[in-house]
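Chemist: Need coordinates for the below:
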Amino acid sequence: MSQMPMTLYNQVIAGTPEEHRDKLVCISDDDLDVDTTLDIVMRGKLKTQRKRLRQFLSDSAWLQAKSIEALDAVIHMKDRVLNPAAHWGDAPLYQAELDKALKLVSRLEKVLK
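Modeler: Residues are numbered from 1 along each chain as shown. Down below sits the predicted model:
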């Protein structure tokens, strides 16, 4: 369950262009209001969850998700670069990975500004 937010981000949100993110969730709750299979309590819960999902898709939450993604990439690269066993007899790979790590740190800095 702890992977759910990143799975949602990777499989749904990251694959949706920024200009279309707001189309992932209904703007209105009219469909819930006319659904006779839902009682008032469930209707209220679904409206609340939709509101939360719309907030998650807002610009600030989107930037937070990008920050988390960039930070995860930096941590993964740090583990790879600083793991001597990962470079067994392959020195040129280390330089390439170090360059990639520096680019990831630069990307993280931009996202966090």
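Chemist: and Met77, what does it touch?
Modeler: 97, 100-101, 104 (CB atoms under 8 Å, 6 or more residues apart in numbering). Just so you know, the C-beta spots here come from the backbone N, C-alpha and C atoms, and that holds for glycine as well.
Chemist: Looking at those residues, which are in helices?
Modeler: 97, 100-101, 104 (DSSP state H).
Chemist: Tell me which two of those sit farthest apart.
Modeler: Maximum pairwise distance in these, criterion CB to CB, is 10.2 Å, between Glu97 and Leu104.
Chemist: Can you pull out the low-pLDDT segments for this structure?
Modeler: 1-6, 8-9, 59-62, 83-94 (pLDDT under 70).
Chemist: mind giving me the domain split of it?
Modeler: Split into domains by automatic domain parsing, the chain comes to 1-57, 63-113.
Chemist: Can you measure across the shortest one, start residue to end residue?
Modeler: Using CA to CA, to the nearest Å, the gap from the first to the last residue of domain 63-113 comes to 10 Å.
Chemist: Would you indicate which residues of stretch 35-50 are buried?
Modeler: Arg50 (16 or more other CB atoms under 10 Å).
Chemist: Quick check on the ones in helices among the contacts of Met77: which are buried?
Modeler: Buried residues within these, counting neighbours by 16+ other CB under 10 Å: 97, 101, 104.
Chemist: could you measure the nearest residue to the second one once chain neighbours are set aside against Glu97, distance?
Modeler: This means Ala101. Of all residues not flanking Ala101 in the chain, Met77 sits nearest, at 4.2 Å (CB to CB, 6 or more residues apart in numbering). Here Met77 is placed at a distance of 7 Å from Glu97 (CB to CB, to the nearest Å).
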